[in-house]
Each structure stands twice: as structure tokens, then as C-alpha cells.
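*Asks:* Predicted model follows, preceded by the sequence.
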Amino acid sequence: MHAFNLQPKTLSLAERLADQAVDALIDEADLSPKPALVDRRGNGAHSDLHLGLMHASALSLWPAFKAMADAATAFGEIGLPLREAVGRIGREGEQAMLDTTGGVNTHRGAIWALGLLVTAAALDPESTAASSVSIRAARLALLDDRYAPRPLSHGAQVAQRYGARGAREEAQLGFPAVLQRALPQLKCSRAAGHGEQNARLDALLAIMTNLADTCVLYRAGEQGLHTMQLGAQAVLDAGGSASLAGRRRLHELDQQLIALNASPGGAADLLAACLFIDRIESGDSLKQGAF
């Protein structure tokens, strides 16, 4: 008998979806140079985060994403039982994340967004168009989890204070920042030959131009939000991150947001959601033997 089994393992649908979700989180973390966010250059506007911690956090969420996909397969339909199962798994995943990071909130918003999308994809793996997956995720998000803790998160508190749309509302509307801004920009920049990393940066910037990012509002109020939105639009107007003028604008935006201690974490979570949807949209990554 050989010391190693060289036969490739056939992964289940849930395992493949969990892989794609974790890969999306790691790709988002690695993407550089992101304005005021943790990336390969450094910690951005964060004093308690670094790239290694972001990677460890993403990997810690794999069991939760797999369990959500398995729950979708087991229940087979959108309804309160599935919604509450996903909520429970998400809270367990959040605790695993906090145990890994020593209590630092690295991916709470991403657990919500990607958890819903993983579940929605598992419900109908033959229907992976971005619009179809997002609609199923929205229908699930609209259901009220009776067991969810009621204290408001920082993001929810800020959303109420400023009348902004928080992560919950973004999901309930079918992720418009992803479908209407990020994905079209990602595909446009790719078609223009800007390269994959620049296309992903442009997708992030497209989200930032319009999103009422509650992470930025919490840290820097409306001044920080306006700086983020106007600065991101200026980068795209200058030619995007693939152009020299755009890179100069991007550097300026990075410095401005760091000075305000404003990190667009909500936009980063939605970029991860965009990358996940982009990966599964063709359906190829979910087929048997794709890994």
C-alpha cells in the first residue's frame, strides 16, 4: 500500500460551497492596496487586526459555512426552520471566529452575507445566476429568527441613528450593492483588460461610491462616509485602479480614511460576497470533480 492516497477526494456540495466562501474571504483580505483596510501592505485604519488574523478568521468559518449548506440540503426549502437553523449556525460560527481571534470582530458582517448566499446556493445548485441566488438569500433574510439576540450591533445602532441601510437590509433587498455595482464593475474592468486584481479593486470602489457603510459611520460619522464615497468615485472617474491617475487618487483616499480612522469594513464584506457570487455564477465550481 502506498504511504499516500493520491486519489483526489470527491467533495460534497456543502464542502465546495464552504471552500468558495472561505476563498472569497481570503481573496478579499489579500487584495491590495485597499483604502484603510487590512491588506498585504499593513493594517490600514485598524490597530487590532492584521492579515494573518484575517486568514485565521476566514478558515475558522469553514465548518459554519458547510453546516449552513448542509442545512439547506436537509430542509430543502426556504422557511422559518431553515432560517433559524442558519441563524444558530451563524452564531456558533461567530463564537468560533472570536475564539480564534481572541475576541476581535473580524468577519461578523461577512458571516451574515456569505452565510445567506451559501445557503441560497445550496438550495438550488442548478440555479447559480447572481440574481437567482440573491433572491433566495433575500427571501431567507426577510424571515425573523425568533432565537436571535435582540441587542443591537454597532452597525444596527449606527444604521438607526443615520437612517442608513445596514447589513440586514442590504441582504433583504437582495444585495443591490453587489448586483448593481460591484459585479458590473468587476466584469467591465476585466473586459477592459485591467487585470484581475485591479478589477477587484474597482469592484470594491464601486461599492464604496454608494454604500452607507455602517463601519465608516460608526468610526467617523457622516464626514467619513462622504470622504469614502466621493474619494471612491474620484478613483473610478480618473480611470480606475489600473491607471496611474487612479492609483494616485486611491493613495489619497487611503491616507484620508486612515486619518479619519474610517475603515470601510461593510464594503469589504460585500466585496467578499461579490467574489463568492462571481465564482459560483457559472456553476462550474460546484460540479463534482471541480476541485
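*Replies:* Received the coordinates, thanks.
*Asks:* From now on I want contacts and neighbour counts done on CA atoms only, so please keep to that.
*Replies:* Will do.
*Asks:* Pull the distance from the strand or helix carrying residue 158 to the chain's centre.
*Replies:* In this assignment (DSSP states H and E), residue 158 forms part of helix 154-162. The chain centre lies 19 Å from the centre of helix 154-162; the measure is C-alpha atoms, centre = their mean, to the nearest Å.
*Asks:* That helix packs against which elements?
*Replies:* Other helices and strands packing on helix 154-162, by 3 or more C-alpha pairs under 8 Å, 6 or more residues apart in numbering; DSSP states H and E, are helix 214-237.
*Asks:* The helix it packs on - contacts with which helices or strands?
*Replies:* Using 3+ C-alpha pairs under 8 Å, 6+ apart, helix 214-237 sits against helix 154-162, helix 196-208, helix 244-259, helix 265-280.
*Asks:* what residues does the shortest one touch?
*Replies:* Right, helix 154-162. Applying C-alpha atoms under 8 Å, 6 or more residues apart in numbering, the external contacts of helix 154-162 come out as 164-167, 214-215, 217-218.
*Asks:* how about the helices in the stretch 1-150 of the chain?
*Replies:* Along the stretch 1-150 of the chain, counting by DSSP state H, counting those that start in this stretch, helices occupy 13-30, 51-60, 62-75, 80-101, 108-123, 130-141.
*Asks:* List of residues touching the second one?
*Replies:* Which is helix 51-60. 22, 25-26, 29-30, 38-40, 42-43, 93, 96-97, 100-101, 106-107.
*Asks:* Most neighbours among the contacts of helix 154-162, which one?
*Replies:* Most neighbours among the contacts of helix 154-162, by other C-alpha atoms under 10 Å: residue 214, with 28 neighbours.
*Asks:* contacting residues around it?
*Replies:* Residue 214 makes contacts with 155-156, 158-159, 164, 166, 266, as judged by C-alpha under 8 Å, 6+ apart.
*Asks:* same thing but at 6 Å, please
*Replies:* Contacts for residue 214 (C-alpha atoms under 6 Å, 6 or more residues apart in numbering) come out as residue 155.
*Asks:* next one: residue 204
*Replies:* Counted by C-alpha under 6 Å, 6+ apart, residue 204 has contacts residue 271.
*Asks:* Which one, of the helices of the stretch 1-150 of the chain, ends up nearest to residue 148?
*Replies:* Closest to residue 148 of the helices of the stretch 1-150 of the chain, according to C-alpha to C-alpha: helix 80-101, at 7.0 Å.
*Asks:* orientation of that closest one relative to helix 108-123 in degrees?
*Replies:* Going by axes from the mean of the first three to the mean of the last three C-alpha atoms, to 10 degrees, helix 80-101 is angled at 140 degrees with respect to helix 108-123.
*Asks:* How far off centre is helix 80-101?
*Replies:* 16 Å.
*Asks:* Using PDB, list the CA coordinates for that helix.
*Replies:* In PDB, the C-alpha atoms belonging to helix 80-101 read as follows (Å, rounded to 0.1, in the frame of the first residue of the first chain):
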ATOM      1  CA  LEU A  80     -38.600  29.500   9.200                       C
ATOM      2  CA  PRO A  81     -36.900  26.200  10.200                       C
ATOM      3  CA  LEU A  82     -34.100  26.800   7.800                       C
ATOM      4  CA  ARG A  83     -33.800  30.400   8.700                       C
ATOM      5  CA  GLU A  84     -33.500  29.600  12.400                       C
ATOM      6  CA  ALA A  85     -31.000  26.800  11.800                       C
ATOM      7  CA  VAL A  86     -28.800  29.100   9.700                       C
ATOM      8  CA  GLY A  87     -29.100  31.700  12.500                       C
ATOM      9  CA  ARG A  88     -28.000  29.300  15.100                       C
ATOM     10  CA  ILE A  89     -25.100  28.000  13.000                       C
ATOM     11  CA  GLY A  90     -24.100  31.600  12.200                       C
ATOM     12  CA  ARG A  91     -23.900  32.400  16.000                       C
ATOM     13  CA  GLU A  92     -21.800  29.300  16.600                       C
ATOM     14  CA  GLY A  93     -19.600  30.300  13.700                       C
ATOM     15  CA  GLU A  94     -19.200  33.800  15.200                       C
ATOM     16  CA  GLN A  95     -18.100  32.300  18.500                       C
ATOM     17  CA  ALA A  96     -15.600  30.100  16.700                       C
ATOM     18  CA  MET A  97     -14.300  33.300  15.000                       C
ATOM     19  CA  LEU A  98     -14.000  35.200  18.300                       C
ATOM     20  CA  ASP A  99     -12.200  32.200  19.900                       C
ATOM     21  CA  THR A 100      -9.700  32.200  17.000                       C
ATOM     22  CA  THR A 101      -9.100  36.000  17.000                       C
END
